[in-house]
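>>> Mind looking at a prediction? Sequence and model below.
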Amino acid sequence: MNILHKDDPYADNYLLNIETKILSARKEISKIK
């Protein structure tokens with residue numbers, strides 16, 4: 001994960017949280033399939 005906003009750690013954490021949610025959602029979807 002590259003840092004997109006060096007001067008804005010909050011934006012970076014926000015993006016990291018979104019990525020985590022997407023990954024967990026993909027795991028859930030693969031369970032259903």
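On my side now, so go ahead.
>>> remind me which residues of the protein are low pLDDT?
Applying pLDDT under 70 to the chain flags the ranges 1-6.
>>> Could you pull out the strands in it for me?
Read by DSSP state E, the chain holds no strands at all.
>>> buried ones in stretch 12-32?
Asp12 (16 or more other CB atoms under 10 Å). The way it works is simple: take the backbone N, C-alpha and C, and place the C-beta from them, glycine included.
>>> Any idea how far that stretch is from the middle of the chain?
Centroid displacement of stretch 12-32 relative to its chain, using CA atoms, centre = their mean, to the nearest Å, is 6 Å.
>>> and it, C-alpha only, in PDB?
Extracted in PDB, the C-alpha atoms of stretch 12-32 (Å, rounded to 0.1, in the frame of the first residue of the first chain):
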ATOM      1  CA  ASP A  12      -4.600   7.400   4.100                       C
ATOM      2  CA  ASN A  13      -6.200   5.500   6.900                       C
ATOM      3  CA  TYR A  14      -9.600   6.000   5.200                       C
ATOM      4  CA  LEU A  15      -8.300   4.400   2.000                       C
ATOM      5  CA  LEU A  16      -6.700   1.500   4.000                       C
ATOM      6  CA  ASN A  17     -10.000   0.900   5.800                       C
ATOM      7  CA  ILE A  18     -11.800   0.800   2.400                       C
ATOM      8  CA  GLU A  19      -9.300  -1.800   1.100                       C
ATOM      9  CA  THR A  20      -9.700  -3.900   4.200                       C
ATOM     10  CA  LYS A  21     -13.500  -3.800   3.800                       C
ATOM     11  CA  ILE A  22     -13.200  -4.800   0.100                       C
ATOM     12  CA  LEU A  23     -10.900  -7.700   0.900                       C
ATOM     13  CA  SER A  24     -13.200  -9.000   3.600                       C
ATOM     14  CA  ALA A  25     -16.200  -8.600   1.300                       C
ATOM     15  CA  ARG A  26     -14.500 -10.600  -1.400                       C
ATOM     16  CA  LYS A  27     -13.800 -13.400   1.100                       C
ATOM     17  CA  GLU A  28     -17.500 -13.400   2.000                       C
ATOM     18  CA  ILE A  29     -18.500 -13.500  -1.600                       C
ATOM     19  CA  SER A  30     -16.200 -16.400  -2.300                       C
ATOM     20  CA  LYS A  31     -17.700 -18.300   0.600                       C
ATOM     21  CA  ILE A  32     -21.200 -17.900  -1.000                       C
END
